[in-house]
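J.: predicted coordinates and the sequence they were generated for:
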Amino acid sequence: MRNVIVVKNVDKNLYRRLKSTASLKGYTIGEALNEAIKLWLMLNEAISRDYLDYLTCRERSEEKLKEINEKYCKKCKGKYVVVCDGIFIGIFDNEKEALNSACKSKARECIVAKLGEPIKEEKVEFGMGVL
């Protein structure tokens, strides 16, 4: 049984490449598209799963940070706390020590906060950047 599906806005050069590559490999365009769609869906599901894991870790870290803030706020005000993947790493005298500790943890996500101060969010790149 054949289904006819019309797809708009397909790049002509991309379609030509698909058609010639599928032909060389003995595939129909439909088979090649089915394979491409399956691959695209798997890739997006994996990315979504990783993002969901990140959000879960982030939520645990935020809860742990609240606990630590309540427990140590008065005693350690002005010091830096590090929480990575929901695990309390430690309290540090300065920001540099705290950031080094966060880097060494190799965690999915870390929160570095100054005890007794409101939390400000800031994204920090620890990777190599653009190659």
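T.: Here it is on my side, so go on. All of these numbers come straight from a predicted model, not from anything done at the bench.
J.: can you map out the helices along this structure?
T.: Under the criterion DSSP state H, the chain contains helices at 12-25, 29-72, 95-104.
J.: packing partners of the lowest-mean-pLDDT helix or strand in the chain?
T.: Within the chain, no helix or strand scores below helix 29-72, which has a mean of 88 by mean pLDDT, DSSP states H and E. Contact here means 3 or more CB pairs under 8 Å, 6 or more residues apart in numbering; DSSP states H and E; on that basis helix 29-72 packs against helix 12-25, strand 80-84, strand 87-92, strand 110-114. Bear in mind the C-beta positions are built from the backbone N, C-alpha and C, glycine included.
J.: for residue 40, find the nearest of those.
T.: Shortest distance between residue 40 and these, using CB to CB, is found for helix 12-25: 13.4 Å.
J.: list of residues touching that closest one?
T.: Outside of helix 12-25, the residues within contact range by CB atoms under 8 Å, 6 or more residues apart in numbering are 28, 29, 31, 32, 33, 36.
J.: can you rerun that using 10 Å?
T.: Contacts to helix 12-25, defined as CB atoms under 10 Å, 6 or more residues apart in numbering, come from residues 7, 10, 11, 27, 28, 29, 30, 31, 32, 33, 35, 36.
J.: likewise stretch 27-37?
T.: Contacts of stretch 27-37 (CB under 10 Å, 6+ apart): 2, 3, 5, 7, 15, 18, 19, 21, 22, 23, 25.
J.: confidence-wise, which of those residues comes last?
T.: Within these, the minimum per-residue pLDDT falls on residue 2 (74).
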